[in-house]
Each structure stands twice: as C-alpha cells, then as structure tokens.
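> predicted model, plus sequence, below.
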Amino acid sequence: MTKLSVNINKLATLRNSRGGNVPNLIKATKDIESFGAQGITIHPRPDERHIKYQDARDLKAIVTTEFNIEGNPIQKFIDLVLEVKPTQVTLVPDAEDAITSNAGWDTVKHKDFLKDVITTFNKEGIRTSIFVDPDIKMVKGAAETGAHRIELYTESFAHQYAQGNKSAIHNFTKAALMAEKVELGINAGHDLSLENIKFFKEQIPNLLEVSIGHALICESLYLGLENVIPMYLQRLTL
Ligand SMILES: CC(=O)[C@@H](O)[C@H](O)COP(=O)(O)O
Ligand SMILES: NCC(=O)COP(=O)(O)O
C-alpha cells in the first residue's frame, strides 16, 4: 500500500501572505485527514516563510495520521524534531535561499554527518528518511547511514513525463530496486501530480509513501480538496 501524505506548506504560504490565520492550518489538516489522507507533511524552512516552527508543535497535537517533518538538519531543525517527535523525519539538503528543494543528498560525501544525525533520531524512535536523487550510489550510501527509508526526489521524472518522456522513470526503477536490496523503504516526492502519479506508482515496486503538496493544492483550487484527495488515493490503488 502506498500512503498519501499531504504537504501543507502551500496552505501556510497563503495564510502568511495576509499575516492572520486564514486558512486555518489546524482545521485544514483535520479536514485533509477526514478526506482520506494517510499522512501530513510539513517542510519548515529556516526563514519560516511558510510553515513556522510553532505550526509543527501545534500540528503534533492534532495530527492523527503519519506526521512527516522534512528539512535540512541544522541544529534548530534537529531540536524541533526531537521536541515534536513526528512519525518520520526526512532529511533534505536545501540551501537557505532555494525557492524549493532542488537536489538530493550526496550520501557518500556527507555519510559521517548523516550517520550522526540519523543515529540521534533513530535513538528517539523517529523513523528516518533521506531525500536522494535516483542514483544507485546515493541509495547505497543512504543505507550505510542507518536510515530506514529514502525519499526519491521526483522532479526530474515529473518534468520529463510532462514532456512526454516516460523513459525518465528508468533511473527511479533502478534506484528503487537497489533500495529494496539494501533494505531501505521507499518514499517519493516533488512535483508529483494527478497527471503523473498513476504511472509513477505502476513503475515503482514497494512504494510506501508519496508526499504531495504544490500540485495537490493547485488542483484543489478547481476541484476541491475533498475530491482531489480521493482522486489521488484511487490512482495509488492498483
Ligand atoms: C523535499 C521536497 O521536495 C518538498 O518538501 C518540497 O521541497 C516542498 O517544499 P516547498 O513547499 O518549500 O517547496
Ligand atoms: N517531499 C515532497 C513534498 O512534500 C511535496 O513536494 P511538492 O508536491 O510540493 O513538490
């Protein structure tokens, strides 16, 4: 079964644009779960331009599905995750000035650092995942850090698929097979959408979770969250 974790960063971006509490993230999260989402993802960034650190604390009290916190493990982020104790933490190597995530970890170069951080979270019983490009070397490196899962960075697949190039999936399939071999669970995310999710799911064995935000919220402007979430669930059920 592949779980759908809804990334609510975009709702926080909308809220912050007026400085008040509309839309209300707590209500929206409860609604998203009631529409069928099996997880909630947030990606607090150091400038708190969308999800604020306090949102993570407030959400922990009400999320009843899987709570996934993504981010670059700077000390402030590590402290937040240890305080909130989500179901899962996903380590993402974002530069501070990046508009959005734009690369996976070099798990070979940063192996010692990742191992330290992963050990800290594993000791607290928090499931750990490392954001990686679909590269066999990076998947093997992730396994050596002691992480439970990888999250495949799907931007290249989504971009190529939109151009009609389905062969972009091949590196992902190879990476997923390697992950299975080294006993890593497989998550995926970035630019997944109603258009591309079915094909991705069909081609990736043992996909445990997808985290989807940008496209899902944009699609919901036309179709409504209560319709879009079941549409994803249907595409994720083969
Ligand atoms: C790791 C990843 O791909 C997502 O978390 C994505 O980066 C969302 O972050 P933004 O909402 O800041 O674009
Ligand atoms: N980990 C990916 C994620 O949470 C959502 O990415 P996107 O759908 O906003 O591109």
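Good, I have the coordinates. Ligands and ions are numbered 1, 2, ... in the order given.

> only C-alpha atoms from now on, for both contacts and neighbour counts.
Fine.

> how about the residues of this protein near ligand 2?
By the rule C-alpha under 6 Å from any ligand atom, the part of the chain lying against ligand 2 is 7, 41, 189, 190, 191, 192, 211, 212, 213, 214, 215.

> among those, which one lies nearest to residue 32?
Taking C-alpha to C-alpha as the measure, residue 32 lies nearest residue 7 of these, at 10.2 Å.

> just want the phi and psi numbers for the closest one.
Dihedral pair for residue 7: phi -90, psi 120, per degrees, to the nearest 10.

> what sits against residue 64?
Contact partners of residue 64, counting by C-alpha atoms under 8 Å, 6 or more residues apart in numbering, are residue 33.

> could you report the pLDDT at it?
pLDDT recorded at residue 64 is 98.

> then residue 96?
For residue 96, the model assigns a pLDDT of 83.

> nearest spatial neighbour of it, skipping sequence neighbours?
Using C-alpha to C-alpha, 6 or more residues apart in numbering and skipping the chain neighbours, the partner closest in space to residue 96 is residue 46 (6.9 Å).

> helices or strands up against the helix or strand harbouring residue 188?
Assigning secondary structure by DSSP states H and E places residue 188 in strand 185-189. Applying 3 or more C-alpha pairs under 8 Å, 6 or more residues apart in numbering; DSSP states H and E, one finds that strand 185-189 contacts strand 149-153, helix 170-181, strand 207-212.

> tell me, how many residues neighbour residue 177?
Neighbourhood size, residue 177 [other C-alpha atoms under 10 Å]: 19.

> give the contact list for it.
By C-alpha under 8 Å, 6+ apart, the contact set of residue 177 is residue 205.
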